[in-house]
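[1] fold the following.
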Amino acid sequence: MLASKARSVNIAAGRRRRLPNLTGYLLIAPAFFAIFAVLIYPLITAFDLSLHKVVLTDPAAGRPFAGLDNYLAVLAAPYFLNAIVNTLVWTLSNLAIQIVFGLALALLLNASFPGRGLARALLLLPWVIPSVVAMLSWRWMYDAEFGIINMLLMALHIIPAGVAWLGNVGTAMPAVILESIWKGTPFVMVMLLAALQAVPTEIYDAARVDGAGGWGVLRFVTLPLIMPTLTIAATLTTIFTFNNFNAIWLMTQGGPLRATETLTILVYDAGFRDFNLGRASAIGVITFLILLLFVVAFGRHYVKSQVEL
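    Coordinates of the predicted model:
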């Protein structure tokens with residue numbers, strides 16, 4: 001009799017233990033399906049398309065299996081290496097300058113001075129402006145005849161005549177990078193400012209008592225304490241910049257003479273101009289793998305910084 005009651009109690013307890021687990025699975029199910037629909041399924045589909053010959057202008061051909069032919073064709077294309085170089089220049093330039101400027105602005109806004117709230121709002125403004133509005137505005141500012149940038153430079157006698165900043169091979173990429181820095185730096189600034197405000201002031205006081213100057217406090221106190229947040233900001237900036245299609249497409253469309261053509265532009269050209277979905281998917285998979293290397297490197301650095309803390 002006692003054994004029967006004990007088994008009943010154990011069964012009831014087991015059911016109670018399983019119920020919270022089931023509730024947890026039900027709560028995360030919508031998020032899981034959303035991630036699967038938005039991330040996992042498109043990734044699987046892209047990888048599958050990259051292994052097939054899919055040309056929309058030739059529907060009668062179907063989608064025969066092509067193996068690695070799409071990848072070999074992409075790697076052998078004369079413009080692919082140029083796109084790799086442009087993508088790295090575009091990403092690394094944005095990453096380095098946005099991190100430096102974002103940290104400098106965060107340090108500035110973390111100090112107390114009159115009008116700090118207004119300064120924070122004004123410096124955050126570029127980030128909240130819609131991307132299309134910002135890029136088209138910068139495109140107008142770069143105009144060779146009516147752009148305000150040329151007008152100011154000519155008024156200051158820096159240049160004798162208007163320059164087609166987006167139409168010259170040597171100036172197109174720096175011009176687009178400048179717009180991206182203006183647009184993305186406030187995001188880094190906000191993240192680092194939040195990390196700075198979480199650092200206890202007692203640590204700074206103790207460092208100054210020990211004789212540390214401004215550079216010493218920054219190097220040995222501030223940077224180590226905000227390094228996890230700094231790593232996350234660098235990771236997100238890399239991902240956003242590497243995959244940024246709008247900035248370049250709306251301003252130069254990859255020109256002139258492929259001077260600003262990146263991997264995302266190649267994907268668009270292959271898929272929506274040549275209608276070769278197999279080759280476009282192959283470029284997309286290669287882009288994903290390159291970006292994955294960056295993310296893994298930043299992830300290892302993040303774990304290391306967490307262990308040191």
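
[2] what residues of the strand or helix carrying L88 count as buried?
    Under the criterion of DSSP states H and E, L88 resides in helix 80-110. By 16 or more other C-beta atoms under 10 Å, the buried positions in helix 80-110 come out as 80, 82-84, 86-87, 90-91, 93-95, 97-99, 101-103, 105-107, 109-110. In short, each C-beta sits where N, CA and C put it, glycine included.

[3] so D143 makes contact with M151?
    No: using C-beta atoms under 8 Å as the test, D143 is too far from M151 to be in contact (9.7 Å).

[4] more neighbours: which of these two?
    Neighbour totals were compared for D143 and M151, and D143 leads with 17 against 14 (other C-beta atoms under 10 Å).

[5] so how far is W165 from the more buried one?
    Using C-beta to C-beta, to the nearest Å, one gets 9 Å for the distance from D143 to W165.

[6] one more: H157?
    18 Å.

[7] residue contacts, G167?
    144, 256 (C-beta atoms under 8 Å, 6 or more residues apart in numbering).

[8] just to confirm, what confidence does the model report for it?
    Here, the pLDDT recorded for G167 equals 92.

[9] and what about it, helix, strand or coil?
    Here G167 is recorded as coil under DSSP: H, G, I helix; E, B strand; the rest coil.

[10] all helices of the stretch 151-300 of the chain, in order?
    Using DSSP state H, counting those that start in this stretch, the helices of the stretch 151-300 of the chain run over residues 169-197, 201-209, 214-217, 223-242, 246-251, 263-268, 277-308.

[11] got CSV for these, with mean neighbour count too?
    Shown next, in CSV, are these (neighbours: other C-beta atoms under 10 Å):
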stretch, mean neighbour count
helix 169-197, 20
helix 201-209, 11
helix 214-217, 12
helix 223-242, 19
helix 246-251, 20
helix 263-268, 23
helix 277-308, 17
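
[12] of the ones you listed, which is nearest D48?
    Nearest to D48 among these is helix 277-308 (8.0 Å), distances taken as C-beta to C-beta.
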